[in-house]
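**Student:** no letters, just coordinates:
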Ligand code: NI
C-alpha cells in the first residue's frame, strides 16, 4: 500500500521519534513493506517513518532504487556509531519535493540498528549510502536537510514553500 508522504510544514517532520519496542509483528512487517513501496513509487532512496506520519525510529533505504534486492536496508532504532571524512553533494527529500541543495555530510558512516525481527546489526556506508544513513537518521530526530544549509539558503527555500502553500500548490 502506498502511503501519503507528509510535506515540509507538517509538525510530524520536526518531532523526535520514539523507539520501536515491538519487533517481528505482522504490523511492523506490513509497515516496512508499505514504506518500501511508497519510497519506490516516489523514486526515493530513503524514507523515514515520520514522513508517513508515524513517530517511530524506523527508516528504509535503498540506494540502488530497487535495482539490487541486496541493497534494501531496514533500520530500526538506529544510532550513529562513528562518522569519518567529508563529502559535499546534492541532497533532496521526498518531504521537500522540488528542492535540492548541496549538503555537507560525513563520507563514511558506521551505524548500529535493529532489523524487523529485533536482531542487532552494524553497517558502514560510504558516499551515497553514508549520505542516506545520515539524512534518514536525522529524520528520526526531527531534523530535515534544510537545517544543514546556510540560514540564507534555508530562508529562501522557506519563503518559496510559503508561496506554494498560499497558492495551494504544496
Ligand atoms: Ni528526507
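**Tutor:** Sure thing, it's come through. This is a predicted model, so every value here is computed, not measured. Numbers count the residues shown, from 1 in each chain.

**Student:** distance-wise, check the residue nearest to residue 120 when sequence neighbours are not counted relative to residue 76.
**Tutor:** Distances taken as C-beta to C-beta, 6 or more residues apart in numbering put residue 114 closest to residue 120, at 5.5 Å, once the chain neighbours are dropped. Quick note: C-beta positions are derived from backbone N, CA and C, even for glycine. Noted for residue 114: a distance of 4 Å to residue 76, by C-beta to C-beta, to the nearest Å.

**Student:** helices or strands up against the lengthiest strand in the chain?
**Tutor:** If you go by DSSP state E, the chain has its longest strand at strand 73-84. Packing contacts for strand 73-84, counted by 3 or more C-beta pairs under 8 Å, 6 or more residues apart in numbering; DSSP states H and E, involve strand 58-61, strand 108-114, strand 120-126, helix 127-140.

**Student:** which residue packs closest to the most centrally placed residue in the chain, ignoring adjacent ones?
**Tutor:** Central residue of the chain (C-alpha atoms, centre = their mean): residue 136, 2.9 Å from the mean position. Leaving aside its sequence neighbours, residue 136 sits nearest to residue 59 (C-beta to C-beta, 6+ apart; 4.0 Å).

**Student:** burial of the one you found, as a residue count?
**Tutor:** Using other C-beta atoms under 10 Å, the number of residues around residue 59 comes to 29.
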